[in-house]
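Student: Sequence plus predicted model, see below.
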Amino acid sequence: MLDHHIQRSIVYRLALSEGLRFSELKPDTLDNKLFMYHLKKVISTKLVVKNDDGLYQLTPEGRRLGTRVLDSQQALVDHADSVLFLVVRRRSDNAWLLYRRKTHPLINRVGFMHATPTAMTSSEKVAAKALYEATCLKGTFRALGGGYFKVYDQDSLESFTHFTLMICEDATGELVQNNDYAEYFWENEPDFSNASMLPNMETLVGLYQQDAPFFIEKTFRI
């Protein structure tokens, strides 16, 4: 999709921001003409756009690719991402563990933390490991159900996930921030209908509260 590391780095840096000007986006070590050449290449792939105010931003397709641009280019943006959504409650007071996204897609939105399942490890162990590595919290997980979520911004696909909902209700430990791409925090009475939340949050909370096996396919619009 992108055949040069400078082009991939442009998408990566924009995935960590709401938008950057040319002077903010270009590394000091690169010649202006060389960088502009690669920037035009990325724009021609329709991953980046320059707005009227001079800011360079990711397009919907660029936001779906996001920081994965540094991974294998086989990670096509029109395929569903396989994720584990982690509902984590604190044992002492039943507070909810939430996180604020620092990358696209849906940058600055608040939701449940997530992990990527692997073939060689159970989802329960993957979830517990992800929780500990990101926050230093410990807990045990169980799977409740799963399905597919699509999120559209008007007619543009922002994210497409094949998910499993994992539940932990015995989290213990002192919260430590160990993830550069997310800000984790405890909330006792979150408003899951608030516009700052990820669009799937009310649905996920409702499924969690029903506490019954499920499979769901749902589309959201933001």
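Tutor: Cool, the structure landed.

Student: What residues of the least confident helix or strand in the chain by mean pLDDT count as buried?
Tutor: Across the helices and strands of the chain, mean confidence by mean pLDDT, DSSP states H and E is lowest for helix 60-65: a mean of 88. For helix 60-65, a neighbour-count test (16 or more other CB atoms under 10 Å) marks 60-65 as buried. Where you see a C-beta, it was placed from the backbone N, CA and C, and this is true even at glycine.

Student: Just the closest of those to Lys50, please.
Tutor: Set against Lys50, the nearest of the buried residues of helix 60-65 by CB to CB is Gly62 (12.5 Å).

Student: wouldn't that closest one be in contact with Val48 here?
Tutor: Yes. Gly62 lies in contact with Val48 (CB atoms under 8 Å); the separation is 5.8 Å.

Student: that older thread, for the buried residues of helix 60-65, give me TSV that also has distance to Lys33.
Tutor: Shown next, in TSV, are the buried residues of helix 60-65 (distance: CB to CB, whole Å):
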residue	distance to Lys33
Pro60	29
Glu61	26
Gly62	23
Arg63	28
Arg64	30
Leu65	26
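
Student: So which of the residues you listed is the closest to Gln210?
Tutor: Scanning these for proximity to Gln210, where the rule is CB to CB, the winner is Arg64, at 29.9 Å.

Student: Now do the same contact list for that closest one.
Tutor: 77, 105, 157-160 (CB atoms under 8 Å, 6 or more residues apart in numbering).
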